[in-house]
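Asker: I need the structure of the sequence given here:
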Amino acid sequence: MRRITEKSDVYSFGVVLLEVLTGRHPLDPTLPGGAHLVQWVRDHLASKGDPSEILDPKLKGRADPAMHEMLQTLAVSFLCVSTQPEVRPIMKDVVAMLKEIRHLETL
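Answerer: Below is the predicted model of the structure:
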């Protein structure tokens, strides 16, 4: 049995971010092959797919600054769900990255 650690909390937070950005549930039967949300995102990005294609259609069509912010947040979420726990950032760093994204968009 795996222990719950700060890194598993970071992974869970990354999944929540992906849910918000994609509008999909972690176990979404409509995903190709019934894939887990995280695997679906990994597969899409590994195939050099356009990251904006996985965003919730309700979020598309926003102004460029908002789209840029969402794509940067997607990158942060991808760090959080790294397959290697030691590569995942600590929550303090996740918060700092998200604040920086928000700060840059308000300039």
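
Asker: what ranges do the strands span in this protein?
Answerer: Taking DSSP state E to define them, one finds no strands in the chain.

Asker: ranges for the helices of this structure?
Answerer: Using DSSP state H, the helices of the chain run over 6-22, 37-46, 64-80, 91-106.

Asker: what's the burial count for Met91?
Answerer: Neighbour count for Met91, taken as other Cβ atoms under 10 Å: 14. In short, each C-beta sits where N, CA and C put it, glycine included.

Asker: need the residues that contact the lowest-mean-pLDDT helix or strand in the chain.
Answerer: Within the chain, no helix or strand scores below helix 91-106, which has a mean of 88 by mean pLDDT, DSSP states H and E. Helix 91-106 has contacts (Cβ atoms under 8 Å, 6 or more residues apart in numbering) with 6, 9-10, 13, 65-66, 68-69, 72-73, 76, 79-80, 89.

Asker: try stretch 39-56
Answerer: So stretch 39-56 is contacted by 18, 20-24, 28, 31-32, 35, 60, 67, 70-71, 74, 78, 81 (Cβ under 8 Å, 6+ apart).

Asker: span of that stretch from start to end?
Answerer: 17 Å (Cα to Cα, to the nearest Å).

Asker: cool, stretch 56-63 as well?
Answerer: This stretch, stretch 56-63, spans 15 Å end to end (Cα to Cα).

Asker: pLDDT weak spots in this protein?
Answerer: Residues of the chain meeting the criterion pLDDT under 70: 1, 33, 104-107.

Asker: could you pull out the buried residues of stretch 3-12?
Answerer: 7, 10-11 (16 or more other Cβ atoms under 10 Å).

Asker: and the residue nearest to the spatial centre of the chain, how far is that from Arg24?
Answerer: The centroid of the chain falls nearest to Ser77 when counting by Cα atoms, centre = their mean (3.0 Å). Distance of Ser77 to Arg24, computed by Cβ to Cβ, to the nearest Å: 13 Å.
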